[in-house]
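> what follows is a predicted protein model with its sequence.
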Amino acid sequence: MTNPVDTPELPDGAIGVLATKPRNQWLDVWDQFKTHKGAMAGLIFFVFIVAAVYLGPFLWTLDPGYIDIRSRNQGPSWAHPFGADQLGRDILARMLAGGRVSISVGLTAMGLSLVVGTFIGVIAGYWKRLDGLLMRLTDLFLALPLLPLLLVIIMLFRDPLRAVLGLEAGIFTLIVFVIGITSWMQTARIVRGDVLALKEREYVLAARSIGTPSRRVVSRHILPNILSPIMVSATLGIATAIITESSLSFLGLGFPPDYPTWGRLLFDAKDMIQQYPERVVWPGLAISLTVLAVNYIGDGLRDALDPRIRGR
Amino acid sequence: ERGADGHVNVIYWQAASTMNPYLSGGTKELEAASLVLEPLARYDEGGNMVPFLAESVPTVENGGVSADLTTITWKLKEGLLWSDGTPLTSADVAFTWEYCTAEGGGCSQSEKYNDVVSVDTPDDLTVVVTFGVPKPFPYGPFVGAQAPIIQKAQFADCVGEAMASCTDENFAPIGTGPFKVDEFKTNDVASMSANPNYRDPAKPAFATLTLKGGGDAAAAGRSVLETGEFDYAWNLQLAPDVLAAMEAAGKGQVVSSFGTLVERIMVNMTDPSASLGDERATAAHPHPFLSDIAVRKALSMAIDRELLVEIGYGAAGRATCNVLPAPAIYASTANDACLVQDIEGAKALLDEAGWVPGADGIREKDGVRISVLYQTSTNAVRQDFQAIIKQWWNEIGVEVELRNIDASVFFGGDAGSPDTFQKFFADLEMYANNFDGTDPEAYMANWECSQAPRPETQWQGNNMPRFCSEEYDALVAEMAKTGDINERARLAKAMNDMLMQEYVIIPLVDRGRVSAHSNTLGGVVLNTWDSELWNAADWYRMDM
Amino acid sequence: MADGAAPVLHVRDLKTVFKTRSGAVHAVNSVSFSLAPGELLGVVGESGSGKSVTMMSLIGLVPSPPAVVTGTSVDFGGMDLLTASEAKLRAIRGARIGFVFQDPMTSLNPVFTVGFQLMEPLRKHMGLSKPQARKRAAELLDLVGIPDAHRRLKDYPHQFSGGMRQRVMIAMALACDPEVLIADEPTTALDVTIQAQIIELMHELRAKLGMAVIWITHDLGVIAGIADRVLVMYGGQIVEHAPVRELFKNPQHPYTRALLKTVPSVRGEREPRLSTIEGQPPILTAQPTICPFADRCPTRFNRCLTENPQRYYAGDGHDVACFWDFETGTPRHV
Amino acid sequence: MFDITPGRTLVEVRNLKMHFPIHAGVFRQRVGEVKAVDGISFDIYEGETLGLVGESGCGKSTAGRAILRLYDITDGAVKIDGIDISSQPQPDLRKMRPTMQMVFQDPQASLNPRMKVRDIIGEPLEEHTSMGKPERREKVLELMDAVGLNRDFANRYPHEFSGGQRQRIGIARALALNPKFIVCDEPIAALDVSIQAQVVNLLEDLQAEFGLTYLFISHDLSMVRHIADRVAVMYLGRIVEIADRETLYSAPKHPYTQALLSAVPEPDPWIEEKVERIILQGDVPSPSNPPHGCNFCTRCPQVMDICRSEEPPEVEITPGHRTACHLYSNS
Amino acid sequence: MLNYTIRRLLLAIPTLLFISLVIFLLLDLAPGDPMSSIPLTVPDEVKQRMREALGLGEPVYVRYFQWLKQFFIVEPQVAWDHWFGTDFSEGKQRVISFQNRAPVMDTVMERVPQTLWVVGLSYVFATLIAVPIGIYSAYKQYSWFDQIGTFISMIGFSIPTFFSGVLLIVVFSVILGWFPSIYDTTHRVTDWDSFVYQARQMAMPVFVLTLYNAAQVSRFMRASTLDNLNQDYVRTARAKGMSERVVVLLHVVRNSLIPVVTVIALGVPTIFGGAIITEQVFQVNGLGQLLIIAIYASDAPMVQTVTFIFAVLIVLFNLVADILYGVLDPRIRYD
Ligand SMILES: Nc1ncnc2c1ncn2[C@@H]1O[C@H](COP(=O)(O)OP(=O)(O)OP(=O)(O)O)[C@@H](O)[C@H]1O
Ligand SMILES: Nc1ncnc2c1ncn2[C@@H]1O[C@H](COP(=O)(O)OP(=O)(O)OP(=O)(O)O)[C@@H](O)[C@H]1O
Ligand SMILES: [Mg+2]
Ligand SMILES: [Mg+2]
């Protein structure tokens, strides 16, 4: 081949070859997430709510249980921005306390169901021998009519647990446990499906050919790669847990009446919807908006984590 | 004229599960059944006994009750017919007794027939009830909504173990009341129509009646007072302002009336500490501080009962200082001082008794701190009460721990559960109780020494405070022998006062009944002594 | 190569841009070519060079949005496909221009029978009744060499092997006797033995039906055996265009030259070492203003980095987009 | 190259079988098996490249994986470097893993998208050596040099690379433990023509540098001709012909090999014109239900009666050139 | 397919038996007492006698086997007798409720109509509305329609039914007076007026449930349609010159419906049990309300039976969903 006259150096960026800036994948996800307006609004709202219920009590120091009988049934005022309830307790303080419980229930129940679901899903998907057994177990749980059982379990263990763990911790543990333990199956199924697919991926095979033991194959190669469905499950899990908790309260089977949660506040106030509509609207809105926010976050995450949409 | 006023809609937010009152002791079932089944006599709205199927109410004076108080002779009205057209006879009455007392049936009203040794029917219209012991108040059997007469022909095969399998009979008993059951859907709705053989040919004014169940009190109230879908709603236990606002809608009105149901705090006179093992909450160990009357009294004084009424019951409640607030002749006025809250007085009382505030503000004496565990069943109003009473007690230097227990456990009789109201493993507990009818004899006997729940009785018994006084027991015994109504009233009042002044029971609220009826429903007479629907035969439609 | 006849398809200056969230992709840049009746035009180029997008842009098959197709004209039988209405395009697609896609596994709808899918264009474009269409569909299956055609009409795609599915795709494209058949890598997913079957089939069909074919592939071997004329694409552009023998004998673009060298052969001399093209294909985030091959080109010089070459004449029916003249070993003077 | 002096036998495969069970019926009982690999035997000598070719689904990958004991094999023996690994339990195999490595077909799928290049290449080092962190990092960078990857890329994720670069990462990972034997399962099939050559050259360079032995699986016969010293042809789970490269390409014996070779298109219109194609009819039968007798009898242009009833034995036609076909069996 | 079905049915038997045991043990452990709702005025001895009449004295396993026998042998006989006029079940003990001593199955059958009417209808509506919305949203991804549809469906499953239900009652029954707030289960549809009444009394509960269900189904449908819109066969259909209508409504929808239909089938059991709260709010007194009352009343046989029926339905519809999947998708043929 004849040599050309001269071979000039290529100027920088004359032709884009590959983006040279190393990028973390999660940053990509975040970039994509940011473009989803609903999800961003949801995230901002959710962060706001979480901050409000956890930090709010430092700013608004009224005790949610303190009875100020003179101001009972008062409308909003400076002393009680959201008004006071039938015993004169401050509704803002109760909303904050209730939100703390509701959101904690949502987060921990979701966490529990995620851990159980992921654990079972991974084991079933990765170790073929346990698959049949665990999937039977999952089917079994799926076949259990949950709400009735939930109700029965709560009736059953409420008092024994309370005796062991104390009033609030007991009922909290129970509700979280009950919601968590009855909602892991979807996660387990999704995770199992993904693990089954991932297991056949060549990089898992590569790890095995290197001699990486199963334990580490799972923790290093499988778990990080099922993170996206798990995260989507997680957001939906928070939302359903919050709703389930409030439904239980609504049926009178959740937290006891002296223990404010959003569902409980709504339940207590629903008879007064015409006299004091704000008392229904506050917890109702809080539940709906939080769940809405979380659902939107889930929606955005799903999009952001979908490589087809994200594009590289 | 019978049937002229068309249809009437009644809503009970707790639905009746059966129409046979002997199968279920629940109020809702009793009341539903009272539209169909009738007793020989009932109580009217003033608590007076009025004959229904009987000609008159037998007394010692009119010779209907024997002088030794062991027999009572009822005369049935003539010409009474069951809704199927067959005549009602004394055999049906006697059968009712057999039915409820048969072995294996689990009749929920069998207590009504306590001590009955025989029911004789000398003729078709005469019923002679013989008791094994003298009965100064012989009106248990066949009186009131709890003990109506059922048809022998219909239930003959449903005695004893067979009681449960007679679903058709239980759901549509043939009765003598103003209505008969057309269709019954358990826990949902009963459709009824006027009884063609009702003894008063002009009644009932309504041709049909629907008794709907389900939902909650607010929905029921709304449907009568606000939307006008229903004509009558039962037991609207709602916040006073809610009720008032609903009534303001102008579609109906709220009616209320008082009976004997008292929300009270029971004081545990025995020591409930877990460390006592088997002797926990038994008379073997007196309570460390509640056995001091000053403490008990101070607890009572610190309570503002009027406020409790306002918060919890509104028109359906009134402050009371008696555990036996009604009927009028039994109502004592000796304890009314408690109606006024007296925090300062309570503090002074405790100071005087040597209970002085410790470093944390909690009163103590000889190392014993006044720290109480205060339990009740899970229920929104009760938790409100707990919260506010706790605050008052804190003010007088009493430490309070609250506990609420699910009603099905708290009132369930499970001897294995530590949380029943009978075990009373707490210092104070709050609930409401009343008695059937107007006679307080059995009720007041609850606080005999022997009634204290304890391991030997499998924790059965109604003397929750474990109150024990020979004097009181003597009064109970005396009442059991006394027939004269005034004398009985004196005894009952004495017992009530004794309990009150010992402060072993701290009464809070006399809870009445609140119901609502539409403006077009006439003839409603709210009756707390019997079924609310006792006079449904007299209801009629008013033109507006 | 049927030179004199008027082309059935004439593309002038076609451009396609994908407006995606992460920026624009200029997938096709000023592509012009023509297709004579009955000829087989081979299109080669590496992955991402814009082969598929070019062909689908012609007939409005690129999803839009995100794609924006512009150009001077796409002349098809006197009609400009760029400005034609969607309805007109639909009447042409499947009827006068048939398509065969690369992946026979996913290109057939899994829930409809093969017969149904074959009959769809027949009924739509030729207005056949159901029995007529079924008869014709069976004939078509028979034509592409699927035995027992009548019975197999009732089968679902998953009941066919890969090679048979590709035959079904071809039958579908041929259903309405199109004037042009565009085959987008019809054999890439198949084994060599099956590929040989399909190519053989293509030869037969072309002899029988005489349509013009555009055959996209990145396998130079396939091109060598089947094409009359070849377009070489790189970076969304046509970099070289020549009759097939001319191209293999006398490649004029450095890319084509390199490409021909990298491919080993089973029959010819065994090279002790493969020659390679270092570097990566360009990412087309903008209209290239310089030669897209410049960064991998062994003969680049200053001009290559300032200007994007046009297609220059390089012989009979042969043109090339390069400033370097290999004949002379000097830059082209234009 | 005719000067191949068969070295020491590094890999010895005898009658290797890999059957995947098929379950069906009410009780999911085992009703049959996919005979993905059905009794193959060959040797690979130290330092050579054995090409394994065949159509899709004929069991090439399965064979490669079974040889590395990534599957629990059904039957047969595999000796690598003199050690029989066919029945060792997986934990014991772990110690053997450094000697034998694998390069995969899909450079995208064979790299964990959530790991940095550094960690991907470092993983085998972490598993099998006790190197400290800095030492390991140095080794990773050396490996990256060896496969021609810029050291600056160590902190990137796989998706930030092109296909060819990704395949280099995969090769670097395979090289990390200084293996003797590498199974390359279609390492270039997913790459563009222009990139394929880069990777193949790299593989050859590395072989020369480290004295590696390859089992090179591919269905691209021309590439196999370029890289392999000896070639085995598989059809439906069996090896139908094995010979050194030149013999196989110039004088294929088995009808299937002949058909296969003739089907390969030639990037040269003049040769292409003259090629006599043997067009096979029909498709490859299912490995769960292979035909009776010779596997190839359903498509064979020279089929005889005996082919439908008897399995052909393997015969050695010339030294090192063996084939399983009745045409050559006893006549 | 048949094998698969048989295998699944066989597998369902131990699953269901196990579930029934779990439920039974849970209920037995539950601290509630069927007597706790009896007024305090009824003395303890009487309650004890009532308890014995309910058979609570027997050991657990005896009661469990009794229930098994009653549910699996006697009840089917009763049903058989009912349909064919035979008398196999004569004199045999059926599953009897603690609350009213009536056969549980009779009560359940009594509740089915209103539950089907309200919850079932809303499910049908939800599906009918959601599927087209999902398709259109996906087809016009990120359009106004899609954004609004997304928002509404998000709202749909974010607002708890007890909140929306109460709000609706206040607005439409109390303030506007358009709809009755209490559902009349005795109402019979005989003529136009009674039909209108039935429609009015169903309007609110059906709306609440429809919103909730439609929200979910439309999300599924949208996701599934989006998946399929990018598939190669869609391009093939377009390349054949098919009109957009045919491409989307025939090719895409048919494929997108496959996963959605199974989701819908899986949701059917919730028709019977999942609407507990809505039934409660609107006093529909269907199966959900029956169950909750039974739980409150510690009516173990009722809870056991109703819960178990739900379990059977869930298992059954799981199977139906899987079989539907196979029927709809020719690629999937079990075994
Ligand atoms: N829908 C799309 N959105 C964005 N970019 C696209 C889209 N479709 C194609 N492209 C881009 O257009 C360019 C050309 O793609 P095209 O499919 O025409 O390549 P090709 O030559 O057919 O490659 P292959 O041989 O892989 O089929 C590529 O860079 C591709 O990324
Ligand atoms: N895990 C498995 N279970 C069941 N069958 C399998 C399994 N893995 C492979 N098979 C089957 O074994 C046969 C051989 O598969 P293999 O992947 O080895 O083929 P291959 O020659 O590598 O094909 P390709 O060229 O497509 O990669 C195929 O029919 C395949 O379906
Ligand atoms: Mg393409
Ligand atoms: Mg393979």
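Yes, it's here. Only a predicted model underlies this, so the values are computations on that prediction, with no experimental measurement involved. Ligands and ions are numbered 1, 2, ... in the order given.
> and whichever residue of chain D sits closest to chain A, which of the three is it?
For chain D and chain A, the shortest gap (C-beta to the nearest C-beta) falls at D:Arg97, measuring 3.2 Å. In short, each C-beta sits where N, CA and C put it, glycine included. Following DSSP: H, G, I helix; E, B strand; the rest coil, D:Arg97 is assigned to helix.
> nearest spatial neighbour of it, skipping sequence neighbours?
Spatially, and ignoring its direct neighbours in sequence, D:Arg97 is nearest to A:Gly211 (3.2 Å; C-beta to C-beta, 6 or more residues apart in numbering or on different chains).
> can you report phi and psi for the one you found?
Main-chain dihedrals, A:Gly211, degrees, to the nearest 10: phi 100, psi 20.
> hang on, the earlier thing: residues in contact with the residue of chain D closest to chain A?
By C-beta atoms under 8 Å, 6 or more residues apart in numbering or on different chains, the contact set of D:Arg97 is A:Ser209, A:Ile210, A:Gly211, D:Pro124, D:Glu127, D:His128, D:Leu177.
> out of the residues you listed, which one sits closest to ligand 2?
A:Ser209 (15.2 Å; C-beta to the nearest ligand atom).
> my read is that closest one is in a helix, agree?
Yes - under three-state DSSP, A:Ser209 falls within a helix.
> circling back to that earlier point, the contacts of D:Arg97: which two are farthest apart?
Using C-beta to C-beta, the contacts of D:Arg97 span at most 12.1 Å, a distance reached by A:Ser209 and D:His128.
> ranges for the helices of chain C?
Using DSSP state H, the helices of chain C run over residues C:51-58, C:86-92, C:114-126, C:130-143, C:149-152, C:162-174, C:192-209, C:220-226, C:244-249, C:254-262.
> need those helices in a markdown table with mean pLDDT, distance to C:Gln237 and mean neighbour count, can you?
Output for those, formatted as a markdown table (pLDDT from 0 to 100; distance: least, C-beta to C-beta, whole Å; neighbours: other C-beta atoms under 10 Å in any protein chain shown):
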| stretch | mean pLDDT | distance to C:Gln237 | mean neighbour count |
| --- | --- | --- | --- |
| helix C:51-58 | 89 | 10 | 25 |
| helix C:86-92 | 88 | 25 | 16 |
| helix C:114-126 | 89 | 33 | 23 |
| helix C:130-143 | 88 | 37 | 18 |
| helix C:149-152 | 87 | 43 | 16 |
| helix C:162-174 | 85 | 27 | 25 |
| helix C:192-209 | 85 | 27 | 19 |
| helix C:220-226 | 88 | 18 | 24 |
| helix C:244-249 | 89 | 16 | 20 |
| helix C:254-262 | 87 | 10 | 22 |
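> can you tell me which residues contact whichever residue of chain B sits closest to chain C?
Across chain B, no residue is closer to chain C than B:Asp188, which sits at 45.7 Å (C-beta to the nearest C-beta). By C-beta under 8 Å, 6+ apart, the contact set of B:Asp188 is B:Ala15, B:Lys212, B:Gly213, B:Gly214, E:Glu110, E:Arg111, E:Thr185, E:Asn285.
> in space, what's closest to it - neighbours in sequence excluded?
Per C-beta to C-beta, 6+ apart, closest to B:Asp188 is E:Asn285, 4.3 Å.
> could you do A:Leu107 as well?
Nearest non-adjacent residue to A:Leu107 (C-beta to C-beta, 6+ apart): A:Ile238, at 6.3 Å.
> for A:Val191, see how far away that neighbour is.
Using C-beta to C-beta, to the nearest Å, we find A:Ile238 at a distance of 17 Å from A:Val191.
> now do D:Ser309
Distance, D:Ser309 to A:Val191, using C-beta to C-beta: 50 Å.
> the two: which has the busier surroundings?
A:Val191 (28 against 11; other C-beta atoms under 10 Å in any protein chain shown).
> the more buried one contacts A:Gly117, correct?
Yes - at 6.3 Å, A:Val191 and A:Gly117 qualify as touching, with contact defined as C-beta atoms under 8 Å.
> about what we covered before: number of nearby residues for the residue nearest to D:Arg97?
Neighbour count for A:Gly211, taken as other C-beta under 10 Å: 21.
> and for D:Thr129?
Neighbours around D:Thr129, by other C-beta under 10 Å: 15.
> who's in contact with it?
Taking C-beta under 8 Å, 6+ apart as the test, what D:Thr129 contacts is D:Arg136, D:Leu177.
> phi and psi next, for it.
phi -120, psi 170.
> how far away is it from D:Ile271?
Counting by C-beta to C-beta, the gap from D:Thr129 to D:Ile271 is 50 Å.
> and the end-to-end length of stretch D:278-292?
End-to-end distance for stretch D:278-292: 23 Å, by C-alpha to C-alpha, to the nearest Å.
> which single residue of chain C ends up nearest chain B?
C:Val111 (45.7 Å).
> confirm for me that that residue is in contact with E:Ser256.
No - C:Val111 is beyond contact range of E:Ser256, at 10.2 Å (criterion: C-beta under 8 Å).
> who has more neighbours, those two?
Neighbour count, other C-beta under 10 Å: between C:Val111 and E:Ser256, E:Ser256 has more, with 26 against 20.
> thought the more buried one was touching E:Gln231?
No - using C-beta under 8 Å as the test, E:Ser256 is too far from E:Gln231 to be in contact (10.0 Å).
> so where's the stretch 151-300 of chain A uncertain?
The model of the stretch 151-300 of chain A has pLDDT under 70 over residues A:151-152, A:155-156, A:158-160, A:162-163, A:166-167, A:257.
> neighbours of the residue of it found nearest ligand 2, just the number please.
Going by C-beta to the nearest ligand atom, ligand 2 is nearest to A:Glu200 of the stretch 151-300 of chain A, at 7.7 Å. By other C-beta under 10 Å, the residues close to A:Glu200 number 10.
> what about the closest residue to A:Gly254 other than its chain neighbours, is that helix, strand or coil?
Leaving aside its sequence neighbours, A:Gly254 sits nearest to A:Leu248 (C-beta to C-beta, 6+ apart; 3.6 Å). Per three-state DSSP, the local secondary structure of A:Leu248 is helix.
> from what I can see A:Leu248 touches A:Ile175, true?
Yes - counting by C-beta under 8 Å, A:Leu248 does reach A:Ile175; the two are 6.8 Å apart.
> close to chain B, is the helix or strand hosting E:Leu313?
Per DSSP states H and E: E:Leu313 is located in helix E:300-328. No - contact of helix E:300-328 with chain B (C-beta under 8 Å from any C-beta of the partner chain) is absent, the minimum separation being 9.4 Å.
> quick one: that helix near chain A?
Yes - using C-beta under 8 Å from any C-beta, helix E:300-328 reaches chain A at E:Val303, E:Val306, E:Thr307, E:Phe310, E:Ala311, E:Ile314, E:Val315, E:Asn318.
> mind putting those residues in CSV, distance to C:Glu179 and pLDDT included?
Converted to CSV, the residues of helix E:300-328 next to chain A look like this (distance: C-beta to C-beta, whole Å; pLDDT from 0 to 100):
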residue, distance to C:Glu179, pLDDT
E:Val303, 73, 86
E:Val306, 69, 88
E:Thr307, 68, 86
E:Phe310, 63, 85
E:Ala311, 63, 85
E:Ile314, 58, 84
E:Val315, 58, 85
E:Asn318, 53, 84
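> this completes my enquiry, with thanks.
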